[in-house]
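K.L.:
need coordinates for the below:
(4 chains)
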Number of protein chains: 2
Amino acid sequence: MVLEKSVSADGRLERGERTRRQILDLAVDLASVQGLEGLSIGGLASKLSLSKSGLFASFGSKEELQLATIEHARQIFIDAVVRKAMMAPRGLPRLWALCDSWLEYAGRKVFRGGCFFAAASAEFDSHPGRIRDRLAALMEEWLTTLAVAVRKAQEAGHLRADADPAQLAFEIHSLFFGANWAYQLHGDSKAFDRAREAIRHRLAALTPEVTRKVGGRARSSRS
Amino acid sequence: MVLEKSVSADGRLERGERTRRQILDLAVDLASVQGLEGLSIGGLASKLSLSKSGLFASFGSKEELQLATIEHARQIFIDAVVRKAMMAPRGLPRLWALCDSWLEYAGRKVFRGGCFFAAASAEFDSHPGRIRDRLAALMEEWLTTLAVAVRKAQEAGHLRADADPAQLAFEIHSLFFGANWAYQLHGDSKAFDRAREAIRHRLAALTPEVTRKVGGRARSSRS
DNA sequence: AGCATATTAGAACGATCGTGCTATTTATTC
DNA sequence: GAATAAATAGCACGATCGTTCTAATATGCT
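P.N.:
Residues are numbered from 1 along each chain as shown, chains lettered A, B, ... in the order given. All right, here's what the predicted structure looks like:
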């Protein structure tokens, strides 16, 4: 464990870092609803009973605040989705764990406005600059995580090897965002079941013959 | 053809309607990039060499301008996607025509910032009010269009009848938005091929046995 | 304790936002 | 051509935005 300068010897957070965290907790929540550009320094400050200039000084510019908000959201996402799924056994179970935890993350509204990154990437996809670049890098990182999970499932013999992991990652990711979109816009929580069903259908078609004969699908907990 | 009061006897547009159209053309273009909320009365006015108050008076409020922008985008979308696809023979060909024209609509950047409705619905999905309601209704209309196309293909015997049209519409729509998202964020135009491939794969599995024996898939132009 | 540093507050700036009110211009009708 | 209506311009308003500068306060170190 590396000692950061923002953490004192006894492990407590320094004052600045503590307020920074309060700010970012609220910023992430607000940004998922009003967008990253809709974040306002004054709005954040008043909701936290801080001075506008004091909050501003903690980040130096609005862009830095937005970038810090993205990193904070990334940590929350990793804790809520990736870390849990990585505890499942590698191969198809881990791929399914990723899917389940993502859909649960969206349905549980870890962020009030739904998936933070779905909102932010759609908002900034036409705004060149550091924010868009960072978001694009994070989303590619996530798609790679999905693709690697697919490939590992193939290497473990849980999925046929003749499928393109990037293609499957794209399809699964699209269903994720589609479900998040339908839930946010129409309040349709059945969309999560739709996404699960589509993924199940897609993966079942990729299950090797030997496995299909035994169980029909690899996860007995799935109906 | 119904005579509207904004159209004079010789078919030319009245002055007010002409500028309204110029405004909305630009508004739709700008909103697809900066968002519906990012639309500014002053910004639109200066780009069109109009006065801010004059432009404002044409709509009465920003919300009315946004609603008018949505209707204008809807017309453009219908012309670019739906109308063309409806000329294809009903059944599977028409479903495929819808898919092809949607993906081409997104790839051709009919709107500068990609699909107007993907951006707008994501922006307003957490902003209750008339705008969100209208967007939700339009998107449901679109999903219904897709579902009906699926059902017609089933009735024509082009697709097996044991598939849920709403489920298929959800999946296809998710792939549309996923491709649009990847193209906008990563500039990855291969995403359109990915979406097409996924749809092709999904529909092929739903092709009745008799048809599968003949051609493998229904559209010979598809590789 | 007191000094040095980090953190927050206060006030003000120029800019831009949506909106309302009043004039001025343009088109239509008699 | 004069009268009427429709469309546009000009100007000002309060509010809010990001940002800067300076003063006050709280913390950490010796």
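K.L.:
centroid-nearest residue for chain A?
P.N.:
With distances taken as Cα atoms, centre = their mean, A:F77 lies nearest the centre of chain A, 4.5 Å away.
K.L.:
that residue contacts A:Y105, correct?
P.N.:
Yes: between A:F77 and A:Y105 there is a contact under Cβ atoms under 8 Å: 7.3 Å. Backbone N, C-alpha and C define where each C-beta goes, glycine included.
K.L.:
buried ones in the helix or strand encompassing A:A166?
P.N.:
Counting by DSSP states H and E, the element that carries A:A166 is helix A:165-186. Within helix A:165-186, the residues scored as buried using 16 or more other Cβ atoms under 10 Å in any protein chain shown are A:165-186.
K.L.:
near DNA strand C, which residues of chain A show up?
P.N.:
Within chain A, the positions near DNA strand C by Cβ under 7 Å from any atom of the strand are A:6, A:14-17, A:19, A:45, A:49-55, A:57-58.
K.L.:
the helix holding A:A166 near chain B at all?
P.N.:
Yes: counting by Cβ under 8 Å from any Cβ of the partner chain, chain B is contacted by helix A:165-186 at A:167, A:170-171, A:173-175, A:177-179, A:181-182, A:184-186.
K.L.:
which secondary structure elements does that helix contact?
P.N.:
Secondary-structure packing of helix A:165-186 (3 or more Cβ pairs under 8 Å, 6 or more residues apart in numbering or on different chains; DSSP states H and E): helix A:92-107, helix A:116-124, helix A:130-155, helix A:190-204, helix B:116-124, helix B:130-155, helix B:165-186, helix B:190-204.
K.L.:
quick one: work out the angle between the first one and helix A:190-204.
P.N.:
On the basis of axes from the mean of the first three to the mean of the last three Cα atoms, to 10 degrees, helix A:92-107 is oriented at 160 degrees to helix A:190-204.
K.L.:
okay, the angle between helix A:92-107 and helix A:116-124?
P.N.:
Computed by the same axes, to 10 degrees, the angle between helix A:92-107 and helix A:116-124 is 70 degrees.
K.L.:
show me what helix A:92-107 packs onto, helices and strands only.
P.N.:
If contacts are counted by 3+ Cβ pairs under 8 Å, 6+ apart, helix A:92-107 sits against helix A:83-85, helix A:130-155, helix A:165-186, helix A:190-204.
K.L.:
kindly report the same for the fourth one.
P.N.:
Under the contact criterion of 3+ Cβ pairs under 8 Å, 6+ apart, the helices and strands touching helix A:190-204 comprise helix A:92-107, helix A:165-186, helix B:165-186.
K.L.:
need those in TSV (columns: distance to B:A119 and mean pLDDT).
P.N.:
Shown next, in TSV, are these (distance: least, Cβ to Cβ, whole Å; pLDDT from 0 to 100):
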stretch	distance to B:A119	mean pLDDT
helix A:92-107	19	98
helix A:165-186	12	98
helix B:165-186	8	98
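K.L.:
and the ones you listed: which comes nearest B:S40?
P.N.:
Set against B:S40 and scored by Cβ to Cβ, the helices and strands packed on helix A:190-204 come closest in helix B:165-186, at 22.0 Å.
K.L.:
contacting residues around A:A195?
P.N.:
A:L103, A:L175, A:F176, A:G178, A:A179, B:F170, B:S174 (Cβ atoms under 8 Å, 6 or more residues apart in numbering or on different chains).
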